[in-house]
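*Asks:* Quick one: sequence and predicted model below, then my questions.
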Amino acid sequence: MKDIISKVGIIYFFMVLSAILVIGRIVHLQFFAKLPVSSEEISFRIEEIEAVRGSILASDGRSLASSVPYYQVRMDCKFPEDTVFNNNIDSLSYYLSNFFGDKSPSGYKSELVAARKKGNRYKAVGNRLVDYAELTEIRNFPMFRLKGNKGGFISEQKSKRNNPYGRLAYRTIGFTNTNGVSVGIEGSFDYYLKGIPGKQTVQRLLGGEWMPVNVEEAVLPQDGFDVRTTLDIDIQEAAENALRNQLSLSDVFEGATAIVMEVETGAIRAITNMKKMANGEFDESFNYAIGQATEPGSTFKLATLVALIEDGFVTLDTPVDAGNGKWQYSTKVFTDVTKGGYGLIDVRKAFEKSSNVAFAKLAVEYYSNNEKKYVDRLHNMKIGEKFGLDIMGEGRSIIHSPGDVSWSKLTLPMMAMGYASLLTPLHTLAFYNAIANRGKMMKPFFVERLEKHGVAEKEFKPQEMSGSICSESTIKAVHEALRGVVEHGTAKSINDPRYKISGKTGTAQIAFDGRYIDSQGYRKHQASFAGFFPSDNPKYTAVVVLYTNKTRANFYGGSWAAPVFKQIADRIYANNPQWSAPVQGKGKVTLTTPHIMSGRAKETSKLMASLPSADKYGKASGEWISFSKDSLERVVAEEYHIDRDSVPGVLNMGLRDALYILENQGYKVKFTGKGRVVAQTPAPGAWAEKNSIINIQLSDNYETK
């Protein structure tokens with residue numbers, strides 16, 4: 001009996017223990033353990049589809065930065081049948097080796113055979129991305145060329161940011177990178193440029209790669225907006241070339257900038273920044289134009305002149321004693337460049353010759369008892385006021401006021417001649433532009449509109465920062481003074497009989513290590529010129545600033561910055577023949593029927609209007625005009641329609657217009673020669689894949705339009 005009870009007890013014990021273990025397991029699984037995910041969850045996931053980033057465009061629509069499609073070549077190594085794979089693998093490997101150059105044919109064969117054994121259906125091929133033309137070539141390699149994708153060929157589209165004009169305006173165009181660094185327009189307008197990503201399901205394959213599946217169910221991305229800037233490529237190229245030419249004349253320069261602004265609107269038509277790199281070359285790596293605030297030097301004397309005239313203290317004819325070129329005030333001796341000084345002169349000549357002594361004396365004489373009046377006048381002129389630019393990196397300008405810790409008895413005369421304040425080149429430009437614009441200060445801006453497929457979605461209009469910064473009579477007087485600087489003063493080397501320039505030179509020493517000159521006599525200089533043209537009816541304002549490294553030599557604005565300004569102005573003048581005075585000449589002129597290139601109506605109409613008997617060439621409406629000759633050799637104008645379903649015809653056009661039309665239709669262009677287009681391949685009206693190459697031949701007998 002006891003044995004039976006003992007056995008029952010043992011059984012009961014194990015039953016209770018088992019129950020406890022089961023309950024414990026249930027509790028553990030319910031509250032503590034992480035259940036393994038399903039095989040479906042392991043094999044599939046949702047990934048983003050990158051949207052096509054919008055382009056950054058010049059004011060005429062030419063691309064400054066765009067996302068160009070590139071392709072990763074892949075292969076479904078499992079899909080081809082054995083006979084197809086075995087019969088073609090040697091020749092395919094040879095072609096791939098010859099194309100990419102990274103492996104031998106046997107290396108490619110071993111890699112693809114191994115991938116086939118593993119069942120790899122998404123094998124990356126090659127050592128780089130390829131463009132569309134290269135992709136087309138690879139698509140015709142052995143095995144890959146088989147129809148119905150029987151050769152396992154796969155291409156995965158990606159995009160790379162491309163700057164068609166290289167480093168032109170690069171710092172202003174800017175960039176974004178994966179480290180979160182973003183500058184320029186790329187950074188400031190990233191929200192609009194990047195678009196909205198889509199979503200797609202991808203499946204994990206053997207080897208750990210992920211391949212898109214159920215493509216028809218993917219949520220497509222929304223491409224980004226194109227950003228049309230205010231930049232004019234022709235003026236931009238002129239500014240960069242002029243600046244580079246000048247910088248090449250001396251090894252002492254460490255940086256420079258040039259900016260061109262449209263007077264009426266404040267639109268920035270060119271902005272170039274050059275910084276000397278470690279290899280001695282200059283590159284667009286720092287935006288001096290908007291980010292470097294320094295003591296402006298003598299270009300600031302214009303602000304002092306405006307204040308003196310506006311407050312009724314002087315006229316251009318008011319006498320001022322510049323003495324022997326040296327003037328002791330408090331603890332400082334103010335000096336002029338010209339030895340012996342200018343003696344008794346009028347305000348006009350003091351400005352033309354940029355006399356430090358005269359302007360320091362004038363400031364002390366009229367404002368020393370009320371220094372705040374002078375500073376208030378500067379603030380009323382909006383000098384140094386924050387713009388709130390549409391791109392990042394705006395530097396902080398400083399105009400000191402009486403009562404500031406840094407203010408002393410010397411601050412007033414120092415400010416009057418261009419020291420003891422900090423301005424960026426863009427602030428100087430905006431002030432000079434206000435003078436050119438009859439007193440109306442315009443906010444500088446870099447972006448005209450956001451658009452998609454050429455249609456404006458959001459526009460940015462010119463903004464007036466103030467009413468007139470001074471009276472019309474003061475504007476008239478300082479216009480006269482600025483013109484005098486170029487006619488008779490420190491910038492007379494750039495005076496031109498063809499068109500009038502007005503402006504002011506600037507020369508300043510740059511403080512470094514808390515001083516202007518070191519123990520060995522080395523200084524840093526800043527040479528500048530700010531002005532506008534044509535003087536009588538200003539269209540453009542520009543500023544040029546060059547920065548030196550430490551040197552014992554002198555660098556003056558009239559000698560170094562003004563010539564850069566002149567080169568830029570000459571280029572703009574050449575593109576605006578209406579600024580020219582009529583040329584008087586003698587002799588006979590033989591009239592022949594002119595050759596006129598087809599192109600933009602706005603430009604060709606100007607050309608036609610300048611020709612004798614312009615009315616006999618006929619008229620045509622529309623954005624584009626083409627020209628041909630009739631049986632009597634007469635030029636006939638017709639509206640030109642761009643074919644958007646096939647390759648547009650660009651025969652008889654200048655290179656600029658041909659590039660604009662073809663690139664905007666999604667083609668790449670290669671050209672040879674110069675002048676007008678005389679041949680193109682594929683022919684007009686033919687069908688060609690977008691991103692394919694259009695070859696055009698230019699005639700060497702005509703200058704490029």
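*Replies:* Yep, it's here.
*Asks:* Kindly report the domain assignment for the chain.
*Replies:* Annotated domains of the chain cover 47-167+200-225, 234-578, 599-698 [automatic domain parsing].
*Asks:* Give me the phi and psi angles of G166.
*Replies:* Here is the backbone geometry of G166 (degrees, to the nearest 10): phi 60, psi -130.
*Asks:* Nearest residue to G557 in space, please, no chain neighbours.
*Replies:* Using CB to CB, 6 or more residues apart in numbering and skipping the chain neighbours, the partner closest in space to G557 is T505 (3.5 Å). For glycine as for every other residue, the C-beta is placed from the backbone atoms N, C-alpha and C.
*Asks:* where's that neighbour, which helix or strand?
*Replies:* strand 502-510 (DSSP states H and E).
*Asks:* before we move on, the earlier item: highest mean neighbour count out of the domains of the chain?
*Replies:* Highest mean neighbour count of the domains of the chain: domain 234-578, a mean of 20 (counted as mean count of other CB atoms under 10 Å).
*Asks:* bridging residues for P319?
*Replies:* D346 (DSSP bridges).
*Asks:* That one is in contact with L344, isn't it?
*Replies:* Yes - assessed by CB atoms under 8 Å, P319 is found in contact with L344 at 5.9 Å.
*Asks:* Output the below-cut-off pLDDT ranges for the stretch 201-350 of the chain.
*Replies:* 205-211, 213-217 (pLDDT under 70).
*Asks:* got the residue ranges for the strands in it?
*Replies:* 210-213, 226-229, 253-262, 268-276, 282-283, 319-321, 326-329, 332-335, 344-346 (DSSP state E, counting those that start in this stretch).
*Asks:* mind putting these in TSV, distance to H453 included?
*Replies:* Below are the strands of the stretch 201-350 of the chain laid out as TSV (distance: least, CB to CB, whole Å):
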stretch	distance to H453
strand 210-213	26
strand 226-229	8
strand 253-262	27
strand 268-276	25
strand 282-283	34
strand 319-321	62
strand 326-329	64
strand 332-335	61
strand 344-346	60
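*Asks:* closest to S106 out of those?
*Replies:* Closest to S106 of these is strand 210-213 (CB to CB; 27.6 Å).
*Asks:* and V678, how far is that from A477?
*Replies:* Note on V678: its distance to A477, by CB to CB, to the nearest Å, is 55 Å.
*Asks:* now swap in I196 and tell me
*Replies:* Per CB to CB, I196 is found 56 Å from A477.
*Asks:* Over to R171?
*Replies:* When R171 is compared with A477 (using CB to CB), they lie 38 Å apart.
*Asks:* what do you get for S43?
*Replies:* 81 Å.
*Asks:* And for S55?
*Replies:* Here S55 is placed at a distance of 46 Å from A477 (CB to CB).
*Asks:* SS state for Q680?
*Replies:* strand (DSSP: H, G, I helix; E, B strand; the rest coil).
*Asks:* so what's it closest to, chain neighbours aside?
*Replies:* Counting by CB to CB, 6+ apart, the residue nearest Q680 is I696, at 4.6 Å.
*Asks:* Show me how far the strand holding T505 is from its chain's centre.
*Replies:* Once both centres are worked out by CA atoms, centre = their mean, to the nearest Å, strand 502-510 turns out to sit 26 Å from its chain's centre.
*Asks:* Then stretch 285-294?
*Replies:* 14 Å.
*Asks:* I572 contacts Y540, correct?
*Replies:* Yes - counting by CB under 8 Å, I572 does reach Y540; the two are 6.2 Å apart.
*Asks:* Mutual contacts of these two, please.
*Replies:* Residues touching both I572 and Y540 (CB atoms under 8 Å, 6 or more residues apart in numbering): 260, 533.
*Asks:* need the contact list for A553.
*Replies:* V252.
*Asks:* Likewise for the one 10 residues further on?
*Replies:* Contacts of P563 were listed using CB under 8 Å, 6+ apart, and they are 246, 493-494.
*Asks:* Tell me what the residue nearest to Q680 is bridged to.
*Replies:* F671, Q680.
*Asks:* Against Y191, how distant is the residue sitting nearest the centre point of the chain?
*Replies:* When CA atoms, centre = their mean is applied to the chain, the residue found nearest the centroid is I173 (3.1 Å). Applying CB to CB, the value for I173 to Y191 is 17 Å.
*Asks:* likewise S354?
*Replies:* From S354 to Y191 the distance is 46 Å (CB to CB).
*Asks:* Was I right to think K275 contacts G255?
*Replies:* Yes - if you go by CB under 8 Å, K275 and G255 touch, sitting 4.7 Å apart.
*Asks:* got any residues that touch both of the two?
*Replies:* By CB under 8 Å, 6+ apart, the residues touching both K275 and G255 are 286, 288.
*Asks:* all strands of the stretch 501-650 of the chain, in order?
*Replies:* Counting by DSSP E, counting those that start in this stretch, the strands of the stretch 501-650 of the chain are 502-510, 524-533, 540-548, 599-600, 624-629, 635-639.
*Asks:* Measure how the longest one sits relative to strand 502-510, angle-wise.
*Replies:* The one in question is strand 524-533. With axes from the mean of the first three to the mean of the last three CA atoms, to 10 degrees defining the directions, strand 524-533 sits at 170 degrees from strand 502-510.
*Asks:* Please save the CA atoms from strand 524-533 in PDB.
*Replies:* This file holds the C-alpha atoms of strand 524-533, laid out as PDB (Å, rounded to 0.1, in the frame of the first residue of the first chain):
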ATOM      1  CA  LYS A 524      47.800  93.600 -45.600                       C
ATOM      2  CA  HIS A 525      45.900  95.700 -48.200                       C
ATOM      3  CA  GLN A 526      42.500  95.900 -49.600                       C
ATOM      4  CA  ALA A 527      42.100  97.500 -53.100                       C
ATOM      5  CA  SER A 528      38.500  98.200 -54.200                       C
ATOM      6  CA  PHE A 529      36.400 100.100 -56.800                       C
ATOM      7  CA  ALA A 530      32.700 100.600 -56.600                       C
ATOM      8  CA  GLY A 531      30.600 102.300 -59.300                       C
ATOM      9  CA  PHE A 532      28.000 102.200 -62.000                       C
ATOM     10  CA  PHE A 533      27.500 102.600 -65.700                       C
END
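*Asks:* strand partners of it, parallel vs antiparallel please.
*Replies:* When DSSP bridges is applied, strand 524-533 pairs with strand 502-510 (antiparallel), strand 540-548 (antiparallel).
*Asks:* any chance of those strands in JSON lines, with distance to G340 and mean pLDDT too?
*Replies:* Formatted as JSON lines, those follow (distance: least, CB to CB, whole Å; pLDDT from 0 to 100):
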{"stretch": "strand 502-510", "distance to G340": "19", "mean pLDDT": "95"}
{"stretch": "strand 540-548", "distance to G340": "27", "mean pLDDT": "98"}
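*Asks:* Columns distance to G325 on top of the ones you listed, output as JSON lines?
*Replies:* Listed next are the strands paired with strand 524-533 as JSON lines, based on distance: least, CB to CB, whole Å:
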{"stretch": "strand 502-510", "distance to G325": "15"}
{"stretch": "strand 540-548", "distance to G325": "24"}
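*Asks:* going on from the host helix or strand of F431, what's the next piece of helix or strand?
*Replies:* Using DSSP H and E, F431 sits in helix 425-436. Downstream of helix 425-436, the next assigned helix or strand under DSSP H and E is strand 440-442.
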